[in-house]
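A.B. asks: My questions concern the predicted model and sequence given below.
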Amino acid sequence: MNQGNVIEVRHVNRIFPVAGGTFQALTDINLEIPEGSLAILKGRSGSGKTTLLNILGALDKPSSGKVYIDGKDIGELSEYAREELRRKQMGFVFQAVSLIPAMNAYQNVEFSMRMAGIRDNRRKRVEECLKMVGLGGRLRHMPAEMSGGEQQRVAIARALAHGPRIIFADEPTAELDSAMGAEVVRLFKEMCAKEHVTIVMTTHDVGLMDAGDIIIELANGQRVMEHPKEGQGENKNG
C-alpha cells in the first residue's frame, strides 16, 4: 500500500440477493484516496455510491475484493474491531441529520467524544468544532431551534469532534439549497487542511461534483471515465 494513501480498494464487488437471482451493485472497483484529501463519489441515484461508501466505512462488507484502511485489510477484522474502528477512527454525516432532539448543539457534539472514550478537554474541543462550523454562539440551542443547514453543521462538528482519521458523508447536502451545499463543501475542504482529516462524500449535485481533490465517478456500479480536473490527466478504473 502506498504510504500516502489512507484508503485503498482492490477489485471490490458487491452482490445482493434479490427475488429470482442476484443484483451486482458494484463491479471491480479500484481506487486510492490520499490522506488529508476531499474525495467525492459522484453519480446518479442507483450508481453504487452509497454501497461503496458503506463498504469503505466498515458498515458493510464486499462480496469479494479488499479494502485497506491505513494498510490494514478491514475485511479480516473481527466485528468488535470493526466497531472500534468506526467508533474511534471514523466519523459519519448522513443526508438525514439525525441529531438527538433532546440534546442541544453542545451535547450532540460532545456525545461523539463520549462514545469514542475521550475524557479530557471535551469542552474545549466541542467549542472549537462548533466555532469551526460557524456556530460558536449557538452551543445551547436545541435542534428544533436551528435551520436545516445549521443542524447539518452541528452534525459535521459532531463527526469531527473525536478526531477521526476519516469522515464519511452520504449526500450531506441533499436537503440543503445550493448556497448552503457549497458552504458545507467549503467546510469540508477547510477541515482537510486544518485537521488533516480525510473526507469521502457522495453527491448527485452537479454543482458540487467537481469540488473535490479526488473525483470518483460511478455508473451502474462501475467506476467510469471522467472529465479530468484542470491540470490533471484522465482517470479511470484501475
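C.D. replies: Perfect, thanks for sending it.
A.B. asks: Just to check, residue 60 is in contact with residue 50?
C.D. replies: No - using Cβ atoms under 8 Å, residue 60 makes no contact with residue 50, being 9.7 Å away. Placement of C-beta: from N, CA and C, glycine included.
A.B. asks: Looking at these two, which has the bigger crowd around it?
C.D. replies: residue 50 (19 against 15; other Cβ atoms under 10 Å).
A.B. asks: Which residue, other than its chain neighbours, is closest to the more buried one?
C.D. replies: residue 170 (5.6 Å; Cβ to Cβ, 6 or more residues apart in numbering).
A.B. asks: List the contacts of the longest helix along the chain.
C.D. replies: Selection of the longest helix in the chain by residue count, based on DSSP state H, yields helix 178-195. For helix 178-195, the surrounding residues in contact (Cβ atoms under 8 Å, 6 or more residues apart in numbering) are 36-38, 132-133, 148-149, 152-153, 156, 160, 163, 167, 169, 172-173, 176, 197-199, 201, 205, 207-208, 211, 213.
A.B. asks: Buried residues, that helix. List them.
C.D. replies: 180-185, 187-189, 191-192, 195 (16 or more other Cβ atoms under 10 Å).
A.B. asks: in its sheet, what does whichever helix or strand comes after it sit against?
C.D. replies: As assigned by DSSP states H and E, the chain's next helix or strand after helix 178-195 is strand 198-203. With DSSP bridges as the test, strand 198-203 is paired with strand 38-42 (parallel), strand 166-170 (parallel).
A.B. asks: I'd like to know which of those lies nearest to residue 55.
C.D. replies: strand 166-170 (10.4 Å; Cβ to Cβ).
A.B. asks: Let me know the average pLDDT across that closest one.
C.D. replies: Averaging pLDDT along strand 166-170 gives 96.
A.B. asks: Only alpha carbons, please: show it as PDB.
C.D. replies: Extracted C-alpha coordinates of strand 166-170, given in PDB (Å, rounded to 0.1, in the frame of the first residue of the first chain):
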ATOM      1  CA  ILE A 166     -11.700   9.700   8.000                       C
ATOM      2  CA  ILE A 167     -15.200  11.300   7.800                       C
ATOM      3  CA  PHE A 168     -17.800   9.600   5.500                       C
ATOM      4  CA  ALA A 169     -20.600  11.800   4.400                       C
ATOM      5  CA  ASP A 170     -23.500  10.400   2.400                       C
END
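A.B. asks: quick one: low-confidence parts of this protein?
C.D. replies: Where the chain drops to pLDDT under 70, the residues are 1-3, 225-238.
A.B. asks: Do a quick rundown of the helices in it.
C.D. replies: Using DSSP H, helices in the chain cover 49-56, 79-89, 105-115, 122-132, 148-161, 178-195.
A.B. asks: What is the fourth one packed up against?
C.D. replies: Identification of packing neighbours for helix 122-132 by 3 or more Cβ pairs under 8 Å, 6 or more residues apart in numbering; DSSP states H and E yields helix 105-115, helix 148-161, helix 178-195.
A.B. asks: Please convert these to CSV, extending it with distance to residue 56.
C.D. replies: CSV is the format used below for the helices and strands packed on helix 122-132 (distance: least, Cβ to Cβ, whole Å):
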stretch, distance to residue 56
helix 105-115, 19
helix 148-161, 15
helix 178-195, 16
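A.B. asks: What's the separation between residue 69 and residue 120?
C.D. replies: 25 Å (Cβ to Cβ, to the nearest Å).
A.B. asks: do the same with residue 141
C.D. replies: Taking Cβ to Cβ, one finds residue 141 at 26 Å from residue 120.
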